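*Asks:* Quick one, fold the following:
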Amino acid sequence: MVLQNPNLEGYEIVRNFWQVYYNSHKGTFVAPKKCSGCYNNDRFVVWAVAVASQAVVDGARIYKELRPLVPAAIEIFQKYKNPHLKGFSAAENNGNDKDIYYDDDAQVCSAMLTAFEVTGDKKYLDQGRELVRFLMGGWNDDPNAKTKGGMRWHVSKTLLNSCTTAEVAKCCLQIASFIPNEAKIYIDFAAKCIDWQIKVLQDPEDKLIKDGVGLDSTDVDDVKWSYNTGTTLSAASLLYHHTKDSKWKAIADDLAKAAINRGVFFYDRDYPDELRYWRDPSYFVQLLLEGLADYLLFVGDEAPDGLPQKIHTEVRRHLIMFYEYMKDPKDGLYLQSFEPHNTYKETYEHKYKREFDSKKGWGLKGEDKGDDGEPQKCLMGGGAAARVFFQGARIVPEI
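*Replies:* Numbering: from 1, shown residues only. Below is the predicted model of the structure:
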C-alpha cells in the first residue's frame, strides 16, 4: 500500500464508514456490533457523531459526491439536543437530558458552521449561531472561584478545560466571518478565552497547553494532550487573521514550533529522534493537524524562516505512518491508535519489527479491541482517520 493522495484517502474513508454505520431508517449512525464510542449496544455518543459528521463536511468541501450526505449528517445532532438549554447531550434523549459537555458541543458547532460554509444553507448558520451563544454561556464567572475565568467542561461540573476553552474560541472565530455585525462580540470572547489559556495553562518552558484546572482549585493538570495545543493554535491563528495583532502571531508561532518538537510530551520519546511520533490517538491528532493547517493558512507567509517546511516534513511522515500501520486493507477503515506497535499483529510482525527494531511489544489499545481480543474499528476511528487525511492534505496535498 502506498499513500499518494491524502484527500482521496479521506474521501474513501468517509464512503466506507458511511456505508458501515449510517442507518437511513433510523436517521443516525448505528453500530453493527457494540464498539468504542457506544453508550449502549449500538448508538454512539455525540462526540463520535461530531467527529464523523465533521469529516463528511470536510470531504464535501472537496468532493461534490459527498454533498448529499451533509443534511443527513447534521440532522443527526437533533436527536441529542436539549431544546431548553440549547445544548446537545452526550446521548440521544427526549430533550431533557443535561449531560452536556461544552467541548463536545463545540465540535458539533464547528461541524454546523463548516456545513454552512460548504453548502451556503443558512439553516446551518442559524443552528451554529444558537449553539455559539449557548457555548459562550459556559464561561466561568463565579466570583468565588479560586481559578478565575476559563470555559467549563460540563454544564454541572467544576473543571475548566483547555480543549473546551480553545474549541469554543475557535467556533466564535468561525462564525465571526459570517456575521460581520456581530463579529466583535465573538472575536472579543475568543480573545478572552485564549488570553486565559496562555496565562493559566501554557507551560512556559515547552509552550504546550496543559489539560485543565478546577475552578475550586489552583492545581493544574499537567497532562499535555496534542489536541489542546492544536485547538489553541487554530484559535490563535484565527485571532491573528481577524485582528492582525502581533501578540497572537507570537503565540501561534510558539505553539506551531512546539507541535513539531520531537522532544515534547505528546511525542513517543522512547525512540531516537528520527523515529519519534505523535503518540496520541487519531481523534486528538486530527485537531493538532487542523491547528497546523490553520497556522499555515493564516500566518504562513509571515512564519519564521524554515518553519513551514519543517511542518510539511513532519505532517508528511505522520500521514504515511498512519496509513501504513493503522489501515485495514479489508474494509479501508482505521484503528484509532497512532502508535505503530498497537496495530494488527501481522503489521507488527512484518513491518514494525523491521522499522522500529522490535523496540516495543505488540498489543492493541482497549478502544481498538473487541470482546474477542481482535482488532475492532468504530465510528470515531473512521471520522478521525478521514479528518487526519483531510486536514493533513491542507499541508501535504500529495505524497
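
*Asks:* Give the buried residues for the strand or helix carrying residue 8.
*Replies:* Using DSSP states H and E, residue 8 maps to helix 6-21. By neighbour count, and taking 16 or more other CB atoms under 10 Å as the criterion, the buried residues in helix 6-21 are 6-7, 9-18, 20-21. (Glycine included, C-beta is placed from N, CA and C.)

*Asks:* what's the answer for stretch 137-155, then?
*Replies:* Within stretch 137-155, the residues that qualify as buried are 138, 139, 140, 145, 147, 149, 150, 151, 152, 153, 154, 155, counting by 16+ other CB under 10 Å.

*Asks:* Can you classify the fourth one by secondary structure?
*Replies:* It refers to residue 145. What DSSP: H, G, I helix; E, B strand; the rest coil gives for residue 145 is coil.

*Asks:* and it, what does it touch?
*Replies:* Taking CB atoms under 8 Å, 6 or more residues apart in numbering as the criterion, residue 145 is in contact with 215, 216.

*Asks:* Could you do residue 171 as well?
*Replies:* Each residue near residue 171 by CB under 8 Å, 6+ apart is listed here: 106, 109, 110, 113, 128, 131, 132, 135.

*Asks:* what does residue 331 give?
*Replies:* 16, 20, 377.

*Asks:* If we use 7 Å, what do you get?
*Replies:* When contacts are counted by CB atoms under 7 Å, 6 or more residues apart in numbering, residue 331 is found next to residue 16.

*Asks:* which of the contacts of residue 171 has the most neighbours?
*Replies:* Counting neighbours by other CB atoms under 10 Å, the top entry in those is residue 109, with 30 neighbours.

*Asks:* measure that one to residue 132 for me?
*Replies:* Separation of residue 109 from residue 132 (CB to CB, to the nearest Å) stands at 6 Å.

*Asks:* re earlier: redo the buried residues of helix 6-21 as a markdown table? Include distance to residue 272.
*Replies:* As requested, the buried residues of helix 6-21 are arranged in a markdown table below (distance: CB to CB, whole Å):
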| residue | distance to residue 272 |
| --- | --- |
| 6 | 27 |
| 7 | 32 |
| 9 | 28 |
| 10 | 31 |
| 11 | 35 |
| 12 | 33 |
| 13 | 31 |
| 14 | 36 |
| 15 | 38 |
| 16 | 35 |
| 17 | 35 |
| 18 | 40 |
| 20 | 38 |
| 21 | 39 |
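
*Asks:* hmm, back to that, sitting in helices, which of the contacts of residue 171 do you find?
*Replies:* Using DSSP state H, the members of these that fall within helices are 106, 109, 110, 113, 128, 131, 132, 135.

*Asks:* Look up the closest residue to the third one, ignoring the ones flanking it.
*Replies:* It stands for residue 110. Spatial nearest neighbour of residue 110, excluding adjacent residues (CB to CB, 6 or more residues apart in numbering): residue 171 at 5.7 Å.

*Asks:* what's the distance between that neighbour and residue 190?
*Replies:* Here the criterion is CB to CB. By it, residue 171 lies 9 Å from residue 190.

*Asks:* thought residue 364 was touching residue 342?
*Replies:* Yes: here residue 364 lies in contact with residue 342, judged by CB atoms under 7 Å, at a distance of 5.9 Å.

*Asks:* more crowded one of those two?
*Replies:* For residue 364 versus residue 342, the count of surrounding residues by other CB under 10 Å is larger for residue 342: 24 against 20.

*Asks:* which residues touch the more buried one?
*Replies:* With contacts taken as CB under 7 Å, 6+ apart, residue 342 has the following neighbours: 363, 364, 365, 368.

*Asks:* That one: what secondary structure?
*Replies:* Classification of residue 342 by three-state DSSP places it in coil.

*Asks:* Disregarding flanking residues, what is the spatial nearest neighbour of it?
*Replies:* Once flanking residues are discounted, residue 342 sits nearest to residue 365: 5.2 Å by CB to CB, 6+ apart.

*Asks:* And the pLDDT for the one you found?
*Replies:* Reading off the per-residue confidence, residue 365 sits at a pLDDT of 97.

*Asks:* and the buried residues of helix 6-21 as a markdown table, adding pLDDT?
*Replies:* Formatted as a markdown table, the entries for the buried residues of helix 6-21 read as follows, by pLDDT from 0 to 100:
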| residue | pLDDT |
| --- | --- |
| 6 | 98 |
| 7 | 98 |
| 9 | 98 |
| 10 | 98 |
| 11 | 98 |
| 12 | 98 |
| 13 | 98 |
| 14 | 98 |
| 15 | 98 |
| 16 | 98 |
| 17 | 98 |
| 18 | 98 |
| 20 | 98 |
| 21 | 98 |
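
*Asks:* Looking at the residues you listed, spot the one nearest residue 267.
*Replies:* Residue 267 lies nearest to residue 6 out of those, by CB to CB, at 21.2 Å.

*Asks:* Touching, the closest one and residue 318? I think so.
*Replies:* No: in terms of CB under 7 Å, residue 6 does not count as a neighbour of residue 318; the distance is 10.8 Å.

*Asks:* Now list whatever residues contact both of those two.
*Replies:* Residues touching both residue 6 and residue 318 by CB under 7 Å, 6+ apart: none at all.

*Asks:* what's around the nearest residue to residue 231 once chain neighbours are set aside, how many residues?
*Replies:* Sequence neighbours aside, residue 166 is the residue nearest to residue 231 in space, at 3.7 Å (criterion: CB to CB, 6+ apart). Other residues within reach of residue 166, judged by other CB under 10 Å, total 32.
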